[in-house]
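Have a look at this prediction, sequence included:
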Number of protein chains: 2
Amino acid sequence: MAPRARLLRLAATSCSRNGVATATSCTRLVTSSAPSALRQFSASTARRFAGSPVVWKAKLTSETYTNLKRDDKFAQLTQEHVDFFKTLLGSESAVIDGTSQDLTEEMIPFNEDWMHKYRGQSKLVVKPASTEEVSKILKYCNDNMLAVVPQGGNTGLVGGSIPVFDEVIINMSRMNQIHSFDDVSGSLVLDAGVVLEAADQYVAERGYIFPLDLGAKGSCHVGGNVATNAGGLRLLRYGSLHGSVLGMEAVLPDGTIMNDLCTLRKNNTGYDLKQLFIGAEGTLGIITKLCIQCPQRSPAVNVAFLGLESYEKAQLAFREAKSQLSEILSAFELMDGLSQDLVHRVRQGKKPLDDEHPFYCLIETSGSNGEHDYEKLEKFLEDVMSNEIVSDGVVAQDATQVKSLWSWREGVPECVGHWGGVYKYDVSIPLSDMYRIVPDTEKRMREAGLLGDTDEFPVLGVIGYGHMGDANIHLNVAVRRYDKAVEKELEPWVYQWIQERQGSISAEHGLGLAKKNYIKYSRNEVFMGMMKQIKQLYDPNGIMNPYKYV
Amino acid sequence: MAPRARLLRLAATSCSRNGVATATSCTRLVTSSAPSALRQFSASTARRFAGSPVVWKAKLTSETYTNLKRDDKFAQLTQEHVDFFKTLLGSESAVIDGTSQDLTEEMIPFNEDWMHKYRGQSKLVVKPASTEEVSKILKYCNDNMLAVVPQGGNTGLVGGSIPVFDEVIINMSRMNQIHSFDDVSGSLVLDAGVVLEAADQYVAERGYIFPLDLGAKGSCHVGGNVATNAGGLRLLRYGSLHGSVLGMEAVLPDGTIMNDLCTLRKNNTGYDLKQLFIGAEGTLGIITKLCIQCPQRSPAVNVAFLGLESYEKAQLAFREAKSQLSEILSAFELMDGLSQDLVHRVRQGKKPLDDEHPFYCLIETSGSNGEHDYEKLEKFLEDVMSNEIVSDGVVAQDATQVKSLWSWREGVPECVGHWGGVYKYDVSIPLSDMYRIVPDTEKRMREAGLLGDTDEFPVLGVIGYGHMGDANIHLNVAVRRYDKAVEKELEPWVYQWIQERQGSISAEHGLGLAKKNYIKYSRNEVFMGMMKQIKQLYDPNGIMNPYKYV
């Protein structure tokens, strides 16, 4: 029997470019997976946190990682230090002084991550409003051996922006201005503390797109995105931040301001030092300003949702999509059957496809002409369905359906945690082997007697989903409760599995505290030695984000 | 009167993807501006050079730059050194020993650049065939204080790959293997010494495109391209090498091998150290292998050639092309009237447009569907012509016409030198100001009494052309003869002009020897200090490509 095609026509008119409002309505609206409460750090918000069991969900990081000891070389915070910062920053709201008893609660949103996995013990948050203030803060901390943690929107997944002990938190939320935009070249100059979504909206109003998009867009800062080399949903189309960041201003630990705020696409005048700060996770200095190359925004967006019978067929579909959709392909996402089943169990409602399939793919195209794009997509779908590469599929008919189809992909991280907790691994693996990590992990859990349908088993399922276009899979082990036995079976086994296949143990989430000890599975001794050299060069006192990364 | 449109229909069938041969025939064939003789360094080739006046056209660099002195810290080459290399490399052809009288001539192609602007005095060329050999060569040189020059295809424009004094030349032409290609992800692993055109042809046969293209593609090495962060003709569409280079293997001066030959698009495990070597011009180490992300090749290529009455209208046309052609726009090149007049005076024949225009633009689209692309291009051309942004235009009808139209852009560098010489400046300037450097320079030459129509004036014209899509202009001062008076009027005035507008004094050609002393016009003291720190870290003995760059 020939596979059944249900091709819903995308209303091209509703998605053709017609002012900003329409353009935006055709853009996928990403569900933020970071709590919006983090967007406002007011005293009242903090008080709302107080008393809620959520607040205390995280154990102190120092209790979770008992092998970590506070480094004695760092000074203890004194009243004199606090007074210096208060005098320097002037504004009442620019310093949160946790050394005074009544402000302890207010420190909570800065000391704990949104997943409640990490909790620090910082007593001081400083919020500079200018590069010069950042410079003076860092110089003072460096001179006085005060350890610091740079902090953006605090939406990270590896504990990079949360102190471990009593590090001073340098929060960048007050540096949130957009400085200039060249609407011929598309180069955008802005402060590191601008929220990603605000930056994207600003350029959207001018016909451009920010080259990065991710779940936490409503909270995360562009400075944090660059510091962690965030990958996200647009990398397939627009490439990595190493290509998109045209210019950078950053402050070194000794207060030196590196001004490389170039707005040009081509600049071959010396070592491209800004590249070192992209992905350094705040261990070399603090990014204060950026210039980003923004591409033209595509007014027409089409989305298809496909069911496939095997991972091999998903690879064939990807190869064919690259070939036929080429320049308009903007996303190719993979979700396995169990991941979609979990989303359905949590959310209920009608599924995009009636039948069950072992795999699902979400394909997005973005282009300047909706009719052309739809024609290409239709031809592609006819081909992959008549060749039985794809078993079933639907195409979004309007912006609401675009959003709805995306929600089946974007809802996974949230829904998979519904039953208790999740062990998350964000990894890159060459495509031919990529999905195999999921059944291999599942088998390992089952053989260890940890996986089953009833409450006695901690693990309820192992799922895989992610950015197939970037060979980036999120391996998630859904658990009813966190259990040391599960962790012991998973680590370092998962990292060894990846190492054997020349994969990367951290595709896009970074190292932070979580993966500091596992870097050897992706890097050799020589490379790690070279990393330490660079750290030593820029931060000889080691005050920048200690206990993490390198 | 409405502008006359001559829209020649591109025969979509001839350009649709139909095996490799057709795909290649639809791809623009770039005229190499580097002499093909440099591709083969056989003894017979060298003998052919001998006696030719071309060979001796270049003065010794040490005579041109009289302020440069050989650094006494470097050892003089001895027979013992030469013997070491002969024993290490074994193969007869792997060492060219210029210390013996009869091989002096054979050294010439390695000691002189193709423009005959730079000439070194090296007595030894070594050609390693493996990373281990590169490592042993560098360690030996470092231990013995022998200065070295890494050399790829030797097609550079700033003297970076030519020794200044007696540096040992490490030529990479024997490391020329392609190691692997993943035809699902498009990642290509290859040696640094692979010729760019060979790499592009290899991936073209598999439906992919190398993300870089430039005039010297027939001679230049991919290792040299990455070491100089070459920009070229595809940057507008595929971005910079900082985004396209996924992995790198490089050897440090002390022989340490940095292995970061990742084949994955996402890898956030530590500092991205390979980025430092992109654009370092061989001053930190030698790149030995690369992994490059190759995009899907577009089977359909359309080219339009337009006449415009002002630079302001060229900017409007660019803005409109970005908006309407968006994802299929692969080149937007600018040529001024005089540049096209010079090409015509040299080549004669029929010009693309009958009338003269102050400016010309060449627009290329590349996409997966020729019909769609042509429809978009036609709509764009109708709009810009009916709005009188563009005065006249033609569209290529077949691959021959595509090549012919491109030759009017690509022929400029060659034709402009027809009357004697050229002072060349490769610069980036924010778009609104970009072209103004040309009339300002012309005015300066005229006011100094240096420009005129008769032989008494050294300067015959000042032209501008380049990659408008990248805000990258090539300012060329065509001269009947090189003249110190011209040079004195041009430098540092040109660099000051660029500095005042926050431009870059080296957009894509690099620093090399030519611009080492002018970097201060694009970089401040702090940045230059940070560059020196990095140089000191990796090359404390300073043996790598001395007298240049930093």
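Received, thanks.

all contacts plus neighbour counts: C-alpha atoms, from now on.
Will do.

So chain A: which segments form each domain?
The record's domain parsing of chain A by the TED database lists A:178-293, A:300-414, A:420-509.

Need the winner for burial among those domains.
Comparing those on average neighbours per residue, with mean count of other C-alpha atoms under 10 Å in any protein chain shown, the densest one is domain A:178-293 at a mean of 23.

Contact residues of the stretch 401-550 of chain A facing chain B?
Contact residues, the stretch 401-550 of chain A versus chain B (C-alpha under 8 Å from any C-alpha of the partner chain): A:428-431, A:469-472, A:502-511, A:519, A:522-524, A:526-527, A:531, A:549-550.

In strands only, show me the residues you listed.
Here DSSP state E is the test, and these give A:428, A:472 as lying in strands.

show me where the stretch 301-450 of chain A has helices.
A:311-325, A:337-347, A:370-386, A:399-410, A:412-415, A:431-434, A:437-447 (DSSP state H, counting those that start in this stretch).

and residue B:98, which of those helices is closest to it?
helix A:431-434 (49.4 Å; C-alpha to C-alpha).

Skip the chain neighbours and tell me the closest residue to residue A:514.
With C-alpha to C-alpha, 6 or more residues apart in numbering or on different chains as the criterion, residue A:514 has its nearest non-adjacent residue at 5.0 Å, and that residue is residue A:158.

actually residue A:497, not the one I wrote
In space, residue A:497 is closest to residue A:437, 7.7 Å off (C-alpha to C-alpha, 6+ apart).

Also residue A:511?
residue A:549 (5.4 Å).

what's near enough to touch residue A:462?
Applying C-alpha atoms under 8 Å, 6 or more residues apart in numbering or on different chains to residue A:462 gives the contacts A:338, A:438-439, A:441-442, A:475-478.

still on that earlier bit, nearest approach to residue B:485 belongs to which of the domains of chain A?
domain A:178-293 (26.6 Å).

what about that closest one and chain B, touching?
Yes. Applying C-alpha under 8 Å from any C-alpha, one finds domain A:178-293 touching chain B at A:184-185, A:207, A:228-229, A:231, A:239-244, A:256-260, A:262-273, A:275-280.

hmm, back to that, dump the contacts of residue A:462 to a markdown table, plus pLDDT.
Shown next, in a markdown table, are these (pLDDT from 0 to 100):
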| residue | pLDDT |
| --- | --- |
| A:338 | 97 |
| A:438 | 98 |
| A:439 | 98 |
| A:441 | 98 |
| A:442 | 98 |
| A:475 | 97 |
| A:476 | 97 |
| A:477 | 97 |
| A:478 | 96 |
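
Just give me the closest of those residues to residue A:399.
residue A:338 (26.6 Å).

contacting residues for the closest one?
A:358, A:461-463.

Which of the residues you listed fall within strands?
The strands, defined by DSSP E, take in A:461-463 from the contacts of residue A:338.

Which one of the residues you listed is nearest to chain B?
For the ones in strands among the contacts of residue A:338, the closest approach to chain B (C-alpha to the nearest C-alpha) belongs to residue A:463, at 20.3 Å.

roughly how far apart are that closest one and residue A:336?
7 Å (C-alpha to C-alpha, to the nearest Å).

same deal with residue A:231?
Residue A:231 is 21 Å from residue A:336, by C-alpha to C-alpha.

likewise residue A:536?
44 Å.

likewise residue A:296?
The spacing between residue A:296 and residue A:336, counted by C-alpha to C-alpha, is 33 Å.

before we move on, back to that, share the number of residues neighbouring the residue nearest to residue A:511, please.
Neighbour count for residue A:549, taken as other C-alpha atoms under 10 Å in any protein chain shown: 25.

Residue A:542 is in contact with that one, correct?
No. Between residue A:549 and residue A:542 there is no contact under C-alpha atoms under 8 Å: 11.8 Å.

Check the offset of stretch A:290-309 from the chain's centre.
17 Å (C-alpha atoms, centre = their mean, to the nearest Å).

now the end-to-end length of that stretch.
Stretch A:290-309: ends 45 Å apart by C-alpha to C-alpha.

Check stretch A:480-496 too.
Termini of stretch A:480-496 sit 25 Å apart (C-alpha to C-alpha).

quick one: least confident helix or strand in chain A?
helix A:19-25 (a mean of 27; mean pLDDT, DSSP states H and E).

Closest approach to chain B from the stretch 301-450 of chain A, which residue is it?
Closest point on the stretch 301-450 of chain A to chain B, by C-alpha to the nearest C-alpha, is residue A:319, at 5.6 Å.

from the stretch 101-250 of chain A, which residue is nearest to chain B?
residue A:243 (4.2 Å).

Can you tell me the closest non-neighbouring residue to that residue?
residue B:243 (4.2 Å).

ok, residue A:118 touching residue A:112?
Yes. Counting by C-alpha under 8 Å, residue A:118 touches residue A:112, with 5.7 Å between them.

any common contacting residues for those two?
Taking C-alpha under 8 Å, 6+ apart as the criterion, residue A:118 and residue A:112 both touch A:58, A:162.

Closest residue of the stretch 401-550 of chain A to chain B?
Counting by C-alpha to the nearest C-alpha, the stretch 401-550 of chain A gets nearest chain B through residue A:507, at 4.4 Å.

Run through the residues that contact that residue.
A:426-428, A:472, B:266-269.

With residue A:94 instead?
For residue A:94, the contacting residues are A:86, A:126-128, by C-alpha under 8 Å, 6+ apart.

change it to 10 Å
Residue A:94 is in contact with A:85-86, A:88, A:125-129, A:171, A:173-174, counting by C-alpha atoms under 10 Å, 6 or more residues apart in numbering or on different chains.

With residue A:353 instead?
A:6, A:305-307, A:360, A:392-394.

got a pLDDT number for it?
On pLDDT, residue A:353 comes in at 97.

Likewise for residue A:446?
pLDDT, residue A:446: 98.

was I right about it contacting residue A:459?
Yes. Contact criterion C-alpha atoms under 10 Å: residue A:446 and residue A:459 qualify, at 8.8 Å.

what's the overlap in contacts for the two?
Residues touching both residue A:446 and residue A:459 (C-alpha under 10 Å, 6+ apart) are residue A:452.

just how off-centre is stretch A:277-291 within its chain?
16 Å.

Could you do stretch A:511-531 as well?
Put simply, stretch A:511-531 sits 20 Å off its chain's centre (C-alpha atoms, centre = their mean).

now the strands: where do they sit in the stretch 1-150 of chain A?
A:5-6, A:95-97, A:124-126, A:148-151 (DSSP state E, counting those that start in this stretch).
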